[in-house]
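Student: below: sequence and its predicted model.
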Amino acid sequence: MTPFFSVIIPLYNKEKYIQNTLKCVFNQSFTNFEIIVVNDGSTDRSLEILEDFSDERLKIIHQKNQGVSVARNTGMQNAKADYICFLDADDTWRPNHLQAFHNAITKFPDAKMYCNRYVTQISKNTFIENKFIDIPGNYEGYVTDFFKSSLIKRVALTSAVCINKDIFNEIGGFDPTLKSDQDLDYWIKIALKYKVAITAENTMFYNFINANKSLSKDQSKFKKLTDLNQYVEIEKSNESLKLFLDVYRIEYGLNYHILGLKDQSLEYLKYVDPKNMNFKTKVLFKLPSFMLRLMLRIKQNLRNYGIDFTVYH
């Protein structure tokens, strides 16, 4: 029987999480799926743990380490289903995740991307239910303004997204040249071309704890970021897209400023409409890099105690 969903799990050294991640898929109430784990050159015990699972729905593809984008694209190339779901190896789904997608696909067939709601874990005991601009908590249906609704929290989060395989066939997959925010780049391209629908159910736990690490120790991801300026012409006639892109231009610019890379920072900021940068953010750009790094460490430590905030809005 052809699976209804193909679940793509990129795997690179996630021995601590992969067992629970696979269990959450096998525990789904909707059972017509295949799981494609793309082992991206893992060197830990992840593969040993995979051997504990004997379900015929589980397929493992091995490749040398090429990054998460190539791993996801490999999974999509080998997917048998018409609908593709993504799950990072340290995130988890509630048992109703795939059923919620199936219901939405039936109700809103004109969409090509479907988004379940999700809960973000920022510390061991702190979970945040995310809210989206102009989308009530009980709403399900087509998203009327994807970019406006994603200004504070992203409507589309990788482990909470399902796409029709037509998207992969028509526009391709994730950009393998990007070192960070490959998913952001992909969702922008999709939302500009296809209808997006959202469900009313929280079905996924996003593990943000792993992302809470020192920026100064992880500079490699800033070697190649999303080219936000490829949308310069489109954003002239799309106010929501312009504001959305400016938020990320400011974020990238501030990250470069924190790293002391002034030229790269200014390259992003020169395209920002001044009215889209609030006073708090302007003050941050006036501060020296060492002070910002100290403030960033304080912010990261506060997350460990369940306190989170952003300066971009």
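Tutor: Ah, there it is. Residues are numbered from 1 along each chain as shown.

Student: what about the helices in this structure?
Tutor: Here the chain has its helices, by DSSP state H, at 18-26, 46-50, 68-77, 97-107, 146-149, 165-171, 182-193, 232-235, 239-258, 262-269, 279-286, 289-304.

Student: redo these as CSV? Include mean neighbour count.
Tutor: No exception for glycine: its C-beta is placed from N, CA and C like everyone else's. CSV is the format used below for those (neighbours: other Cβ atoms under 10 Å):
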stretch, mean neighbour count
helix 18-26, 18
helix 46-50, 16
helix 68-77, 21
helix 97-107, 20
helix 146-149, 22
helix 165-171, 14
helix 182-193, 20
helix 232-235, 13
helix 239-258, 20
helix 262-269, 16
helix 279-286, 12
helix 289-304, 14
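
Student: for stretch 182-200, output the C-alpha coordinates as PDB.
Tutor: What follows is stretch 182-200, C-alpha atoms only, in PDB (Å, rounded to 0.1, in the frame of the first residue of the first chain):
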ATOM      1  CA  GLN A 182      17.500  26.900   5.200                       C
ATOM      2  CA  ASP A 183      13.900  26.300   6.300                       C
ATOM      3  CA  LEU A 184      13.200  30.100   6.400                       C
ATOM      4  CA  ASP A 185      14.400  30.300   2.800                       C
ATOM      5  CA  TYR A 186      12.200  27.400   1.700                       C
ATOM      6  CA  TRP A 187       9.000  28.600   3.500                       C
ATOM      7  CA  ILE A 188       9.300  32.100   1.900                       C
ATOM      8  CA  LYS A 189       9.600  30.500  -1.600                       C
ATOM      9  CA  ILE A 190       6.600  28.300  -0.900                       C
ATOM     10  CA  ALA A 191       4.400  30.900   0.600                       C
ATOM     11  CA  LEU A 192       4.900  33.300  -2.300                       C
ATOM     12  CA  LYS A 193       3.700  30.600  -4.800                       C
ATOM     13  CA  TYR A 194       1.200  28.300  -3.000                       C
ATOM     14  CA  LYS A 195      -1.700  28.500  -0.500                       C
ATOM     15  CA  VAL A 196      -0.900  27.700   3.100                       C
ATOM     16  CA  ALA A 197      -3.300  26.200   5.600                       C
ATOM     17  CA  ILE A 198      -3.000  26.000   9.400                       C
ATOM     18  CA  THR A 199      -4.700  23.600  11.800                       C
ATOM     19  CA  ALA A 200      -6.100  24.500  15.300                       C
END
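
Student: where among the helices of the chain is the average confidence lowest?
Tutor: Confidence, taken as mean pLDDT, is least for helix 289-304 of these (a mean of 82).

Student: can you give the distance of it from its chain's centre?
Tutor: Chain-centre distance of helix 289-304: 23 Å, with Cα atoms, centre = their mean, to the nearest Å.

Student: ok, stretch 242-255 next?
Tutor: Centre to centre, stretch against its chain (Cα atoms, centre = their mean), the figure for stretch 242-255 is 16 Å.

Student: neighbouring contacts of it?
Tutor: 147-148, 150-151, 181, 184, 215, 222, 225-226, 228, 231, 235-236, 265-266, 268-269, 271-273, 276-277, 281, 284-285, 292, 312-313 (Cβ atoms under 8 Å, 6 or more residues apart in numbering).

Student: can you rerun that using 7 Å?
Tutor: For stretch 242-255, the external contacting residues (Cβ atoms under 7 Å, 6 or more residues apart in numbering) are 147, 150-151, 184, 215, 222, 225, 228, 231, 235, 265, 268-269, 271-273, 276-277, 281, 284-285, 312.

Student: returning to what we had before: ok, which of the helices of the chain comes nearest Asn138?
Tutor: Asn138 lies closest to helix 97-107 among the helices of the chain, at 13.6 Å (Cβ to Cβ).

Student: Gln121 is in contact with Arg303, correct?
Tutor: No. Counting by Cβ atoms under 7 Å, Arg303 does not reach Gln121; the two are 10.2 Å apart.

Student: so what's in contact with these two at the same time?
Tutor: Residues touching both Arg303 and Gln121 (Cβ under 7 Å, 6+ apart): there are none.

Student: count of neighbours near Arg57?
Tutor: Neighbourhood size, Arg57 [other Cβ atoms under 10 Å]: 15.

Student: now do the contacts for it.
Tutor: 33-35.

Student: where's it relative to Thr31, distance?
Tutor: 8 Å (Cβ to Cβ, to the nearest Å).
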